[in-house]
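A.B. asks: The sequence and its predicted three-dimensional model are supplied below.
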Number of protein chains: 2
Amino acid sequence: MFYALNNNYLELKNNKMKNKRNRLQVISEILRSNVIGSQDELLKILNERQCDVTQATLSRDLKLLKVAKTPLSNGTYKYVLPSYNKPMPTTSSSNAIVSMGAILNIDFSGQLVVVKTKPGYASAIAWDIDNKANYEVLGTIAGDDTILVIPREGITREDILQMMNQNFAESQN
Amino acid sequence: MFYALNNNYLELKNNKMKNKRNRLQVISEILRSNVIGSQDELLKILNERQCDVTQATLSRDLKLLKVAKTPLSNGTYKYVLPSYNKPMPTTSSSNAIVSMGAILNIDFSGQLVVVKTKPGYASAIAWDIDNKANYEVLGTIAGDDTILVIPREGITREDILQMMNQNFAESQN
DNA sequence: GGTCGATATAAATAATTATGCAAATAATCC
DNA sequence: GGATTATTTGCATAATTATTTATATCGACC
């Protein structure tokens, strides 16, 4: 089954969660505006800002944020945020589909649906979609790992997600 | 004292230098085609290829190559070459990129982008677009000389052009 | 309230990576 | 050639970073 995993759930979490989220935010800001070469260096700045954590937590935070340590030309190092760390516009409740075997992701843009698959799977799955959803779907076009799905007029994103769940969701895990 | 630091001097150097150059080359290739999570891991592969060095040298090599260690989504790490990090000239007209070798034209229709390429190039370039623009682009579908690019909702034509310029325009560095 | 399950954190430690130093090797200049 | 100056490398170790383990904290549910 695919579940809603949009970002909103984060808003509802408890204090601890909030502290962590806040800390991650602060870390991001610091890394954006400073050249940080080691975790201890970052640790000191965090402490100045009333974020009291240990290096262990910091290591986990950086892992979570996918912060990379990269050498600079001047012989030192710098922790850099991934470029795609801009907030991704999560279009709808489709992220959980990632857990599916060959289907990696479902996204929406306007009236169109884009299904990402493992390489080579797109045609096969597109064929399945065509056959199993001939009410909701007018047609599909498949590349190697991408399917463009054109829904019938009046079909909503939720309709599509529901259809996909019915036909492609695995029972568990 | 000043030393020759242009590229030509590399051609003229001795065996040891050649070994180092060769090793850096081999390291780059390995990192391009494998997911390497630690220097020891890389070390073993290098040894298999008759490159006998120690971790110390490897650390220095990676620093030289500006290879970053970055966390992956699956909880492991990966050493990545800095191919992306180079700053690119950004013109906002599609002219710059059209002049590029294999990409012939970029056009828009509604929310869709159609990229025309030399015959046979579409799949290859589509693959590049997928990999280099996963923020702006939901997916691509390639024929023989045409690529359909589906941008993420909220992405403008200018965004797309800029992205294409950054990633595919020839640089005059 | 009490219990369960999940998440977050610190302390200690393991694992990994960077570097000072010395020896070896190569280039440069008589 | 030999003397001199850079460069590369390994060894040992320092420095840094990741993870294991144990607790603590919070929310959900009864």
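C.D. replies: The structure has been received and is ready for your questions. Numbers count the residues shown, from 1 in each chain, chains lettered A, B, ... in the order given.

A.B. asks: OK, contacts around the closest residue to residue A:140 other than its chain neighbours?
C.D. replies: Using C-beta to C-beta, 6 or more residues apart in numbering or on different chains and skipping residues adjacent in sequence, the residue nearest residue A:140 is residue A:126, 4.2 Å away. Just so you know, the C-beta spots here come from the backbone N, C-alpha and C atoms, and that holds for glycine as well. Counting by C-beta atoms under 8 Å, 6 or more residues apart in numbering or on different chains, residue A:126 makes contact with A:115, A:140, A:141, A:142, A:147, A:149.

A.B. asks: farthest pair in those residues?
C.D. replies: The largest separation in those, counting by C-beta to C-beta, is between A:115 and A:141 at 10.8 Å.

A.B. asks: ok, those two, which is more surrounded?
C.D. replies: For residue A:115 and residue A:141, the more surrounded residue by other C-beta atoms under 10 Å in any protein chain shown is residue A:115, and the numbers stand at 28 against 15.

A.B. asks: Residue A:26 against residue A:48, yeah?
C.D. replies: No. Between residue A:26 and residue A:48 there is no contact under C-beta atoms under 8 Å: 10.7 Å.

A.B. asks: neighbour-wise, which of these two wins?
C.D. replies: More crowded of residue A:26 and residue A:48, by other C-beta under 10 Å: residue A:26, with 16 against 8.

A.B. asks: what about the longest helix seen in chain A and chain B, any contact?
C.D. replies: For chain A, the helix reaching the highest residue count under DSSP state H is reported as helix A:15-33. No. Shown here: helix A:15-33 not in contact with chain B (C-beta under 8 Å from any C-beta of the partner chain), separated by at least 13.3 Å.

A.B. asks: Restrict that helix to CA atoms and write it as CSV.
C.D. replies: Output of helix A:15-33 as CSV, limited to C-alpha atoms (Å, rounded to 0.1, in the frame of the first residue of the first chain):
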residue,chain,number,x,y,z
ASN,A,15,9.3,19.2,20.7
LYS,A,16,12.2,16.8,20.3
MET,A,17,11.4,16.6,16.7
LYS,A,18,11.1,20.3,16.5
ASN,A,19,14.5,20.8,18.2
LYS,A,20,16.1,18.5,15.7
ARG,A,21,14.4,20.1,12.8
ASN,A,22,15.5,23.4,14.0
ARG,A,23,19.0,22.3,14.5
LEU,A,24,19.2,20.9,11.0
GLN,A,25,17.9,24.2,9.8
VAL,A,26,20.6,26.0,11.7
ILE,A,27,23.3,23.7,10.5
SER,A,28,22.2,24.3,6.9
GLU,A,29,22.3,28.0,7.4
ILE,A,30,25.7,27.9,8.9
LEU,A,31,27.1,25.7,6.2
ARG,A,32,25.6,28.0,3.6
SER,A,33,27.3,31.1,4.9
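
A.B. asks: Can you list the helices and strands that whatever helix or strand comes next after it packs against?
C.D. replies: With elements assigned by DSSP states H and E, the helix or strand that comes after helix A:15-33 is helix A:39-48. When contacts are defined as 3 or more C-beta pairs under 8 Å, 6 or more residues apart in numbering or on different chains; DSSP states H and E, helix A:39-48 sits against helix A:15-33, helix A:55-65.

A.B. asks: got the angle between the first one and helix A:39-48?
C.D. replies: Between helix A:15-33 and helix A:39-48, the angle comes out at 120 degrees (axes from the mean of the first three to the mean of the last three C-alpha atoms, to 10 degrees).

A.B. asks: Tell me what angle helix A:15-33 forms with helix A:55-65.
C.D. replies: Following the same axes, to 10 degrees, one obtains 80 degrees for the angle between helix A:15-33 and helix A:55-65.

A.B. asks: pLDDT on helix A:15-33, on average?
C.D. replies: Averaging pLDDT along helix A:15-33 gives 76.

A.B. asks: Count the neighbours of residue A:69 for me.
C.D. replies: Residue A:69 has 18 neighbours, counted by other C-beta under 10 Å.

A.B. asks: List the contacts of it.
C.D. replies: A:77, A:78, A:79, A:80, B:68, B:69, B:70.

A.B. asks: which one of the residues you listed sits closest to residue B:54?
C.D. replies: residue B:69 (18.4 Å).

A.B. asks: returning to what we had before: narrow the contacts of residue A:126 to those in strands?
C.D. replies: Taking DSSP state E as the definition of strands, those contribute A:115, A:140, A:141, A:142, A:147, A:149.

A.B. asks: tell me the contacts of the fourth one?
C.D. replies: Translated: residue A:142. Counting by C-beta under 8 Å, 6+ apart, residue A:142 touches A:122, A:123, A:125, A:126, A:148, B:141.

A.B. asks: how close does it sit to residue A:149?
C.D. replies: Look at residue A:142 and residue A:149: by C-beta to C-beta, to the nearest Å, they are 10 Å apart.

A.B. asks: What of residue A:158?
C.D. replies: For residue A:158, the distance to residue A:149 - C-beta to C-beta - is 14 Å.

A.B. asks: So which bits of chain A are right by chain B?
C.D. replies: A:62-64, A:66-73, A:75, A:80, A:82-84, A:86, A:88-89, A:91, A:107-110, A:112, A:114-116, A:141-148.

A.B. asks: Just the buried residues from these, in ChimeraX please.
C.D. replies: Burial among these is assessed by 16 or more other C-beta atoms under 10 Å in any protein chain shown; the matching ChimeraX selection reads:
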select /A:62,67,68,69,70,71,80,91,107,108,109,112,114,115,116,142,143,144,145,146,147,148
